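Enquirer: This is the structure alone, sequence omitted:
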């Protein structure tokens, strides 16, 4: 079934893409094309782009124009694809930072505020994914 979305809804779906490309552009401009620069790019893709889109898959039913019914299975599939992509990007960001730490001979485990929040975010993704899988 076709989904008719208002102009405001379409604009809302564009904001995460715009945010991601701004972050990626700034990171590449400041850091250049080095291994470390892909850590914030993949993490930004995970949280700004895919996770935001995943949330919007469920919210889009509210943006549908005038009484259009929405196929819930389509929304669930879109949500699952976006959230799964978010987890893959976050994992890629984690792998990149770990490889970079080994390459620079830094300890791979850090207890900085940034690292602690990063680990908490990754655990949150795992927990969220587990809950989502049990709902299916």
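Expert: All right, it came through fine. Small disclaimer: the values here were computed from a predicted structure and weren't measured. Numbers count the residues shown, from 1 in each chain.

Enquirer: Now do the residue nearest to the spatial centre of the chain against residue 107, distance only.
Expert: In the chain, the centroid-proximal residue (CA atoms, centre = their mean) is residue 46; its distance is 2.4 Å. Shown here: residue 46 relative to residue 107, a distance of 24 Å by CB to CB, to the nearest Å. Every residue, glycine included, has its C-beta placed from N, CA and C.

Enquirer: How far does the lengthiest helix in the chain sit from its chain's centre?
Expert: When the chain is parsed with DSSP state H, its longest helix is helix 72-103. In terms of CA atoms, centre = their mean, to the nearest Å, the centre of helix 72-103 is found 7 Å from the chain centre.

Enquirer: what is the rounded mean pLDDT of that helix?
Expert: Mean pLDDT, helix 72-103: 89.

Enquirer: For the worst-scoring helix or strand of the chain on mean pLDDT, name the packing helices and strands.
Expert: Least confident helix or strand of the chain, by mean pLDDT, DSSP states H and E, is helix 7-31 with a mean of 76. Helix 7-31 sits against helix 38-44, helix 52-59, with contacts defined as 3 or more CB pairs under 8 Å, 6 or more residues apart in numbering; DSSP states H and E.

Enquirer: about what we covered before: was I right to think the residue nearest to the centre of the chain contacts residue 84?
Expert: No: using CB atoms under 8 Å as the test, residue 46 is too far from residue 84 to be in contact (10.8 Å).

Enquirer: was I right about residue 38 contacting residue 94?
Expert: No: under the criterion of CB under 8 Å, residue 38 is not in contact with residue 94, lying 11.5 Å apart.

Enquirer: quick one, which of the two is more surrounded?
Expert: residue 38 (22 against 18; other CB atoms under 10 Å).
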